[in-house]
Each structure stands twice: as C-alpha cells, then as structure tokens.
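*Asks:* One predicted model, sequence on top.
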Amino acid sequence: MAQYSAELDGVFVALADPTRRGVIRRLGRGPTSVGELARAFPMTLPSFMKHVRMLESAGLIRTAKAGRVRTCALNRERLAVVDDWLAEERRIWEERTDRLENLLMEEKSE
C-alpha cells in the first residue's frame, strides 16, 4: 500500500502545476517534440525542461531522442494509478451515501 501511495503522490505532485497539466493535455492528442510543446508556454526552454523532467520522473510521459530532436509521448498506463484511486474513493463514498440514505429512510418510516 505504501508503494501505491508513493506512486499516487508523485503523479498528483506532477499534475499540480498548470503547465504540466497543459503538456499532458497536449500529449493526449499524440507525441510531439519538446520544442513544439515549449512554444505553447511563455517560458525559457530550460525552465520548460524542468516540467518535462518532472512529468518523466512521475512516469506520466516518455521521451526519446532522435538526432537533435527529443520527442515526448504520454504514458496513458500511468494515469491508471489516478483512475484506480478515484474509483476506490468513489466506491467508498457511494457506500457511505447509500448507508446514509438507508438510515434516513428507516427514520422516516418510524
């Protein structure tokens, strides 16, 4: 469970920044070069590369270098960590609201 928690924390930290979320959103349409990605954000390339490295270290993207061009691609499987966590939280809250609804219905019928 601790490993899962550390993975989830890393993904949420990476997704906490609007620039990194923008990169993820763009890569959802398909792989692209770092240069192309960086053009959409008002910052220097070295600053942008810090965001790329953070996303890569969280496992959300993969990069590959061919010659002088570094290409980024979304690692959709890594987003499953968030999806699994959300599904479990949704299940827990639905059970709680169901119990509350049952309790209220029992009180109403008494």
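*Replies:* Right, received. Where do you want to start?
*Asks:* Report the secondary structure state of residue 52.
*Replies:* helix (DSSP: H, G, I helix; E, B strand; the rest coil).
*Asks:* ugh, typo on my part, it should be residue 42
*Replies:* Under three-state DSSP, residue 42 falls in the coil class.
*Asks:* how many other residues sit next to it?
*Replies:* A count of neighbours around residue 42, defined by other CB atoms under 10 Å, yields 9. For glycine as for every other residue, the C-beta is placed from the backbone atoms N, C-alpha and C.
*Asks:* where's it relative to residue 23, distance?
*Replies:* For residue 42, the distance to residue 23 equals 14 Å [CB to CB, to the nearest Å].
*Asks:* go on, residue 84?
*Replies:* Taken as CB to CB, the span from residue 84 to residue 23 is 22 Å.
*Asks:* of those two, who's got more company?
*Replies:* residue 23 (27 against 12).
*Asks:* So the more buried one sits against residue 37, correct?
*Replies:* Yes: assessed by CB atoms under 8 Å, residue 23 is found in contact with residue 37 at 5.9 Å.
*Asks:* Please enumerate the shared neighbours of the two.
*Replies:* When contacts are counted by CB atoms under 8 Å, 6 or more residues apart in numbering, residue 23 and residue 37 have 52, 72 as shared neighbours.
*Asks:* So residue 65: helix, strand or coil?
*Replies:* At residue 65 the chain is in strand, as set by three-state DSSP.
*Asks:* what's across from it in the sheet?
*Replies:* Applying DSSP bridges to residue 65 gives these bridge partners: residue 70.
*Asks:* and it, how many neighbours does it have?
*Replies:* Residue 65, neighbours per other CB under 10 Å, totals 9.
*Asks:* what's the answer for residue 76, then?
*Replies:* Around residue 76 there are 11 residues (other CB under 10 Å).
*Asks:* Make 4 the starting number, not 1.
*Replies:* Renumbered: residue one is now 4, and that last one reads residue 79.
*Asks:* how close does it sit to residue 54?
*Replies:* From residue 79 to residue 54 the distance is 19 Å (CB to CB).
*Asks:* Tell me which other helices or strands the biggest helix by length in the chain touches.
*Replies:* Using DSSP state H to define each element, the chain has its longest helix at helix 83-112. The contact analysis (3 or more CB pairs under 8 Å, 6 or more residues apart in numbering; DSSP states H and E) places helix 83-112 against helix 5-18.
*Asks:* No further queries at this time; thank you.
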